[in-house]
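Asks: Predicted coordinates and the sequence they were generated for:
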Amino acid sequence: MLNPQLNVRGELQHLLSIEGLPRAILTQILDTAESFVGVTEREVKKVPLLRGKSVFNLFFEPSTRTRTTFEIAAKRLSADVINLNIAASSQTKGESLLDTVSNLSAMQADVFVVRHAASGAPYLIAGHVKPHEHVVNAGDGRHAHPTQGLLDLYTIRHYKKDFSALTVAIVGDILHSRVARSLIHGLTTLGVPEVRVIGPQTLLPTGVESMGVKVFHDMKRGLAGADVIVMLRLQNERMRGALLPSAQEFNKHYGLSAEKLSLAAADAIVMHPGPMNRGVEIDSGVADGPHSVILPQVTFGIAVRMAVMSIIAGNG
Amino acid sequence: MLNPQLNVRGELQHLLSIEGLPRAILTQILDTAESFVGVTEREVKKVPLLRGKSVFNLFFEPSTRTRTTFEIAAKRLSADVINLNIAASSQTKGESLLDTVSNLSAMQADVFVVRHAASGAPYLIAGHVKPHEHVVNAGDGRHAHPTQGLLDLYTIRHYKKDFSALTVAIVGDILHSRVARSLIHGLTTLGVPEVRVIGPQTLLPTGVESMGVKVFHDMKRGLAGADVIVMLRLQNERMRGALLPSAQEFNKHYGLSAEKLSLAAADAIVMHPGPMNRGVEIDSGVADGPHSVILPQVTFGIAVRMAVMSIIAGNG
Amino acid sequence: MLNPQLNVRGELQHLLSIEGLPRAILTQILDTAESFVGVTEREVKKVPLLRGKSVFNLFFEPSTRTRTTFEIAAKRLSADVINLNIAASSQTKGESLLDTVSNLSAMQADVFVVRHAASGAPYLIAGHVKPHEHVVNAGDGRHAHPTQGLLDLYTIRHYKKDFSALTVAIVGDILHSRVARSLIHGLTTLGVPEVRVIGPQTLLPTGVESMGVKVFHDMKRGLAGADVIVMLRLQNERMRGALLPSAQEFNKHYGLSAEKLSLAAADAIVMHPGPMNRGVEIDSGVADGPHSVILPQVTFGIAVRMAVMSIIAGNG
């Protein structure tokens, strides 16, 4: 079976998931992003790579933050950007997902950035669009959120230079995180020798070890010597359910405090996809402290999204 | 009385309705649209005709689909586009329609694209704006939706070349359709010899024959030999009311099936303004079949809207 | 203590309030706006001053009208504009105001246009952003709305040329108006010798005299000889409360009728920030009459916002 993300020449056609992307393409994206980090710091933060192209932000579930990052990235590539919040429109008129996409495609789209509550929706769309059209997954259910994973990889490479001797610890609600899954695949592909997941039994997927990670329920043991710590957001709704006793209890065991952080490598970096629950999964002193690279992640995220869109649009 | 759509030189000043537009202007719009179809297929889908002009999408009722087509068309003309969903704003502060328009006009608008639930609202606005400002009706109540009518005319001309020997059948809820009315006027003006409307008595306007059409209640007889079939969307709310027995019943009598389609001309084209109710007014096999030109309609719709906006903005 | 609106060279860094701005900077803004009035009347209404810059419209409370004016102004300066309606997004995920701003700042913002229900929110943000980022207050609670005040000053200067011999009367709900406060500071700074406030005791702030204004409860006496009349909008919610007997009663005492207007100077101008309650604080005959400069205010408002954004962005 062909990889749905690659074209016949093996180039990136769609970005649907980090899973299945060869190392060379991951590296191409990170290298291209590096060239755009400079652009975003210039006086005139624009390059004409997507001039006259139409990027549709197709959000079937609201996410102002993610939509904004793609909108900025596309505008800095000089694309025309159309924001579509679909929940409130034709879906309510009973039009199917694929009819909606066919219609937008008939308006001569170049790139669809898709956010959908249903896992697999971006794959369905990628299988439906015309050969010169491209799909970027901006989050599908619990499945994947590859640009977030890529910006995490970018951030790690930026600060640690080399993946080949790292210990990366991912902490918290692995079970419900689309970020964790994307990231684990990327780290493995880029040759990180040790990826750890840390969390209570109830927030770890069954059989997570099969992804090549080490499982820790004791955060202090899991953080020991880690070079990179990725804290995950604890969804509020989880705290109200049966999975967790309370936010306070979670913070005590799995929140990143200065004390727990001191067990990691002396030059460890702390990451978080945002938005943070300060005092729950991360203490404010750590979030704003010298190990935190949480805001640089956001900056790199723009460059990574510019890289992805310019690469796929350049591939036809 | 002067035609409110034309300026003193007889040129298009506003597009409010196909009714009242002379044949020469309809032809000018279709010819101009033809030149833009090429633009939308280029690598760089932009022309600088409206650079530095401000287009206001003034939507007093929501319609993501229609708003999107105008937004794309305006951006491909290099205009600055401002989307205004007015229901949620100053109307709720008790400001009148004309005060809202006066304000936007004072911000130096060039084109107002207006969607309003009240028939005639775009006429009211056109009578109120400054001489160099232009109004495009994007749908007013049940009255008119002229760009949809124009894109239908464009599509027919594209596939049939010549209007002078055609039989066009319009099927379904003529009574509540702003599309049907616009289209019938256009077809008549451009010299189509036979326009048929097909539907149950309850969904046809009283006295529709006075518009120069033939009425059929039996769809099979109405489709016999038709060159063009325009299916209308059946509004969901109609099906819940007293006008119709059920969606199934409607489909049986007035839905376009492969079997009914076989009664039309061998090279008949099938059109639909979208969004479709598959299995109600049109079967999926027909919607996606070889006679369907439903998606090309969408593509031509962008070019037609670019044509309308560039013509009126060019007329001062 | 340093003025939070000025940089170390005494140039405008943020626009938070007219209060505290030196006369030279007020004059610089008005002079710059004058140069942009011409731009907005040209065929191509764009200048490249903010090309490649990112302007974030950060609206924590909805205001389509104000957001639109800033969006237009930024686009005419060739900026990339991102509209963010924050109520519906990350605030509901429990993210703090400053975390939201830090995130957007990490996306390389240049200008934040901020509207917030809480007085002081734009100050908080201005104290938090990076040195090259700028904040424009687009209305914070009852506190300030400086671009509205500036456009009022611009309008007065445009029609009256000289501030030094004017009598300006501000009428209505001074207590709840963020416009009145900004304006009074500006008029005083620019040397207007007589500023009057006119309204019922219940709608005037306690100790308003300390701002250097004369207080009138009798509108006819207050208008006598006035060169400029600024009518304020009466919020609907006030009329339902205990502060006012009824809209009719208010109109009788404090609504601007042709009769009351005749007491002012023969060449008096009438202003209103909009949207107007016709028949409440202002009669339609006056709003649309020869003394009204209400629509020119809107036009000047675009130029003033262009001036503010281009000045602060030019200051680093």
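Replies: Received, thanks. Numbering: from 1, shown residues only, chains lettered A, B, ... in the order given.

Asks: how near is the closest residue to chain C within the stretch 51-200 of chain A to residue A:282?
Replies: Closest approach of the stretch 51-200 of chain A to chain C (C-beta to the nearest C-beta) occurs at residue A:64, with a separation of 3.4 Å. From N, CA and C alone the C-beta is placed, and that goes for glycine too. To residue A:282, residue A:64 is 21 Å away according to C-beta to C-beta, to the nearest Å.

Asks: Give me the domain ranges for chain A.
Replies: Chain A breaks down by automatic domain parsing into domains covering A:23-144+A:299-314, A:146-293.

Asks: State the mean pLDDT of the first one.
Replies: Put plainly, it is domain A:23-144+A:299-314. For domain A:23-144+A:299-314, the mean pLDDT works out to 91.

Asks: That one close to chain B?
Replies: Yes - part of domain A:23-144+A:299-314 sits close enough to chain B to count as contact by C-beta under 8 Å from any C-beta of the partner chain, namely A:51-54, A:80, A:82, A:84-86, A:88-90, A:93-96, A:99-100, A:102-108.

Asks: Model confidence for the closest residue to residue A:232 other than its chain neighbours, exactly?
Replies: Ranked by C-beta to C-beta, 6 or more residues apart in numbering or on different chains and with sequence neighbours excluded, the top spatial neighbour of residue A:232 is residue A:172, at 3.7 Å. According to the model's per-residue confidence, residue A:172 sits at a pLDDT of 95.

Asks: is chain C contacted by the top helix by length along chain A?
Replies: Taking residue count as the measure and DSSP state H as the definition, the longest helix of chain A comes out as helix A:294-314. Yes - under the criterion of C-beta under 8 Å from any C-beta, chain C is reached by helix A:294-314 at A:295, A:296, A:297, A:298, A:299, A:301, A:302.

Asks: Near the residue of the stretch 201-316 of chain A found nearest chain B, how many other residues are there?
Replies: Distances from the stretch 201-316 of chain A to chain B, computed as C-beta to the nearest C-beta, single out residue A:313 as the nearest residue at 10.0 Å. Residue A:313 has 20 neighbours, counted by other C-beta atoms under 10 Å in any protein chain shown.

Asks: ok, now how distant is it from chain C?
Replies: In this structure, residue A:313 lies at 18 Å from chain C, with C-beta to the nearest C-beta, to the nearest Å as the measure.

Asks: re earlier: settle this for me: the residue nearest to residue A:232 is touching residue A:277, isn't it.
Replies: No - using C-beta atoms under 8 Å, residue A:172 is not in contact with residue A:277; the gap is 10.1 Å.

Asks: of the two, who's got more company?
Replies: The neighbour count for residue A:172 versus residue A:277, taken as other C-beta under 10 Å, is higher for residue A:172 (29 against 21).

Asks: one step back: separate out the buried members of the residues of helix A:294-314 next to chain C.
Replies: In terms of neighbour count (16 or more other C-beta atoms under 10 Å in any protein chain shown), the buried residues within the residues of helix A:294-314 next to chain C are A:295, A:296, A:297, A:298, A:299, A:301, A:302.

Asks: pretty sure the third one is touching residue A:151, no?
Replies: Yes - Residue A:297 is in contact with residue A:151 according to C-beta under 8 Å; the separation is 5.8 Å.

Asks: in stretch A:123-143, what counts as buried?
Replies: Buried positions in stretch A:123-143, judged by neighbour count with 16+ other C-beta under 10 Å: A:123-126, A:129, A:133-140, A:143.

Asks: and what of stretch A:184-195?
Replies: Judged by neighbour count (16+ other C-beta under 10 Å), stretch A:184-195 contains these buried residues: A:184, A:185, A:186, A:187, A:188, A:189, A:190, A:192, A:194, A:195.

Asks: Can I get these in CSV including distance to residue A:286?
Replies: Written out in CSV, the entries for those read as follows (distance: C-beta to C-beta, whole Å):
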residue, distance to residue A:286
A:184, 23
A:185, 27
A:186, 24
A:187, 22
A:188, 26
A:189, 29
A:190, 26
A:192, 22
A:194, 22
A:195, 21
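
Asks: All set, thanks.
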